[in-house]
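**Q** Give me a model of this one.
(2 chains)
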There are 2 protein chains.
Amino acid sequence: MNRVGREVRVRRYPAGAVTPDDFEVVEVPVADPDPGQVLVRNTWTSVDPGLRLRLRPDAPAGYFAAFPLGQAMDGIMAVGEVVESRAEGFAPGDVVSHAQGWRDYAVVDPRATQLGGIGTLSRLDVGDAEPQWYLGALGGMGLTAYAGLHVIDALDGGETVWVSAAAGAVVSLAAQIARLRGNRVIASAGTDDKVAWLRQALGVDAFNYRVGDLRSSLRELAPEGIDAYFDSVGGAHLEAALDHLTRRGRVAMCGSISEYESEPSGPRNLFLAVSKDLMLRGFRGSSNLHLMAEMRDQLSAWLRSGELVHRETVFDGLDQAPHALAEMISGRTTGKTLVSIG
Amino acid sequence: MNRVGREVRVRRYPAGAVTPDDFEVVEVPVADPDPGQVLVRNTWTSVDPGLRLRLRPDAPAGYFAAFPLGQAMDGIMAVGEVVESRAEGFAPGDVVSHAQGWRDYAVVDPRATQLGGIGTLSRLDVGDAEPQWYLGALGGMGLTAYAGLHVIDALDGGETVWVSAAAGAVVSLAAQIARLRGNRVIASAGTDDKVAWLRQALGVDAFNYRVGDLRSSLRELAPEGIDAYFDSVGGAHLEAALDHLTRRGRVAMCGSISEYESEPSGPRNLFLAVSKDLMLRGFRGSSNLHLMAEMRDQLSAWLRSGELVHRETVFDGLDQAPHALAEMISGRTTGKTLVSIG
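**A** Coordinates of the predicted model:
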């Protein structure tokens, strides 16, 4: 069948801030699935901070590879509906998630491991959830939030946990999981609107880190110090955390968005890790797939009971994906950033 | 009784490299012990890299306090002999360790917790050991080496472990413990003599980090990468380790001697902790006192069997202590640096 679909391609690696001009949206013929493959019409696609790391020739070692120029961008999460299946276990109408987003149609092989397993084609038992939740709270975002708290032993409650960039997709979940598991949570974000949302919708203490001094704000809200820090920002935030952590404090590091568009510098006060017996633990959601089922059970229950708030910033139409990424990286989105595909 | 003893005092905080001129050795009357106290004649006193951190007005938070100017320097390990005891459990002739080194005589209260417990007055059951070993392999140095490998789970063997500054007191022990527990050990040091000693006496692979490129040398000796890194150096060494660690690698951080006399900068490639699921774990020996007995049992056995090599660089006479510190920090000593007090 002669279908035509659109796909987003990288035209050039951005020099500093991402702009929509760094991309192009092109029409391409859609291949028919070979035996063993499935054709999916994408309905939602994901916009993640980590994509920025792949928009440069030298993606960090151990991370997902750079996006090649002038080709479809593989390795971005999407959900969609099966249109045609030549693979066992998949039938037209199935709702699935996979890793070939940022395009209208994808031909997917369920035997290929994608994004460390997170992006391998899976049929979703959506039930009373919305399909796009599997790109957020019930997908890689939820897993990253849950795994981060898990690897620093912050799921048992009774501690003070700082989460920065807390209006973002992963961290707004981490903030709530930490609170629902019995911790006191202090959140920070970069606009008054986000701070108001954190306080009112998420029920955590929050401050605007762009107003006044970061360290003073932390000291005011947590005069006894923080026991754990969930870091997706790096830079000055990580330094402030090291200063403010109590003895045997822990840091879960899932990113350093403050440094994705500049030269990273590293925390100058890292010696405090020695003097205060601190642990800094980098981690990736995809390295913790064994926690996926446990996370989904826990978060689904909280979503159903209304205890967990799942906010989305939705951009309408595939051609908006580059703009959505630029908006998210510059801090103008709240919660999970998504593109709905017509 | 009217005794006179000498003590070392800090005259000024060194601006860059430590020099003996930053100190003075003065004669002072020795107080008689009050009830509950013990008078000790020191025979050996310790010279540790960490002392450098206390020779500045702004010792790092959570670390031991700065040495005050113009007073005896409290909180440095020593061993000696009890001369007079007014405390239960101590008698003249007992060999003890405590935290009032860098002086001839010390009046010590056994009820006072010193150096987080490591320096609290203790009677030593020396047996066939030498008393000064309790300042090295059987004391805080051994504990720091053992605890560092413990907190990063590197005592089970079967991995490749890099130890830098491996001719130093703590790290030369860490290198041997790691090897004796079944790991492959790669050691680095800053002179050919030290490298030869590491190879011949300690039986580990070793390279001179001042010759050629640090990363290339590591790659050559560990083409598959390193699983764990024992860090007392920081700076460029820590960056090279982050580059070269395998997925789920771990770093035990007990110091960053390369940065004690300059502005620390922090590892610029810390994002690799995220992309490779790395753990960086700061720790102090004194936070792991619960491992002391286990460490002493293990290391005593290896010392008796000759499997563990314990090298000392000894400076003769209390007035040599400042010179000994300067020599150690500039990398001109091997193994445990000690001052024997006449």
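
**Q** what kind of secondary structure is A:Leu325 in?
**A** Going by DSSP: H, G, I helix; E, B strand; the rest coil, the secondary structure assigned to A:Leu325 is helix.

**Q** all helices of the stretch 101-250 of chain A, in order?
**A** For the stretch 101-250 of chain A, applying DSSP state H, counting those that start in this stretch gives helices covering A:140-151, A:169-180, A:192-200, A:214-221, A:235-244.

**Q** who's in contact with the top helix by length along chain A?
**A** Using DSSP state H to define each element, chain A has its longest helix at helix A:292-305. Identification of contacts with helix A:292-305 by Cβ atoms under 8 Å, 6 or more residues apart in numbering or on different chains yields A:128-129, A:133, A:137-138, A:142-143, A:146-147, A:173, A:176-177, A:180, A:308, A:310. C-beta coordinates here come from the backbone N, C-alpha and C atoms, glycine included.

**Q** And these, which two are furthest apart?
**A** The largest separation in the contacts of helix A:292-305, counting by Cβ to Cβ, is between A:Asp128 and A:Ala147 at 25.1 Å.

**Q** nearest to A:Val251, of the contacts of helix A:292-305?
**A** For the contacts of helix A:292-305, the residue nearest A:Val251 by Cβ to Cβ is A:Ala147; the value is 14.2 Å.

**Q** Mind listing what's buried along the longest helix of chain A?
**A** Using 16 or more other Cβ atoms under 10 Å in any protein chain shown as the test for burial, helix A:292-305 gives A:292, A:295-296, A:298-300, A:302-303.

**Q** Give me the distance from that helix to the chain's centre.
**A** Distance of helix A:292-305 from its chain centroid, counting by Cα atoms, centre = their mean, to the nearest Å, is 17 Å.

**Q** With stretch A:156-168 instead?
**A** Counting by Cα atoms, centre = their mean, stretch A:156-168 comes out at 16 Å from the chain centroid.

**Q** One more: stretch A:279-296?
**A** The answer for stretch A:279-296 is 13 Å, by Cα atoms, centre = their mean.

**Q** now it: mean pLDDT?
**A** For stretch A:279-296, mean pLDDT is 96.

**Q** give me the low-pLDDT residue ranges for the stretch 51-200 of chain A?
**A** Along the stretch 51-200 of chain A, no part satisfies pLDDT under 70.

**Q** Strands along that one, start to end?
**A** Secondary structure of the stretch 51-200 of chain A by DSSP state E, counting those that start in this stretch: the strands cover A:78-85, A:95-98, A:105-108, A:122-123, A:160-163, A:184-189.

**Q** for these, which one sits closest to chain B?
**A** When the strands of the stretch 51-200 of chain A are compared by Cβ to the nearest Cβ, strand A:160-163 sits nearest chain B, at 16.0 Å.

**Q** Please name every helix or strand in contact with that closest one.
**A** Judged by 3 or more Cβ pairs under 8 Å, 6 or more residues apart in numbering or on different chains; DSSP states H and E, the packing partners of strand A:160-163 are helix A:169-180, strand A:184-189, strand A:226-231.

**Q** Same list (those) but as a markdown table, adding mean neighbour count and distance to B:Pro29.
**A** Output for the helices and strands packed on strand A:160-163, formatted as a markdown table (neighbours: other Cβ atoms under 10 Å in any protein chain shown; distance: least, Cβ to Cβ, whole Å):
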| stretch | mean neighbour count | distance to B:Pro29 |
| --- | --- | --- |
| helix A:169-180 | 28 | 58 |
| strand A:184-189 | 26 | 54 |
| strand A:226-231 | 26 | 48 |
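
**Q** Would you tell me which of those gets closest to B:Ser232?
**A** strand A:226-231 (24.8 Å).

**Q** give me phi/psi at A:Gly157?
**A** Reported as degrees, to the nearest 10, the phi and psi values for A:Gly157 are phi 80, psi 170.

**Q** Contact partners for it?
**A** Shown in contact with A:Gly157 (Cβ under 8 Å, 6+ apart): A:181-183.
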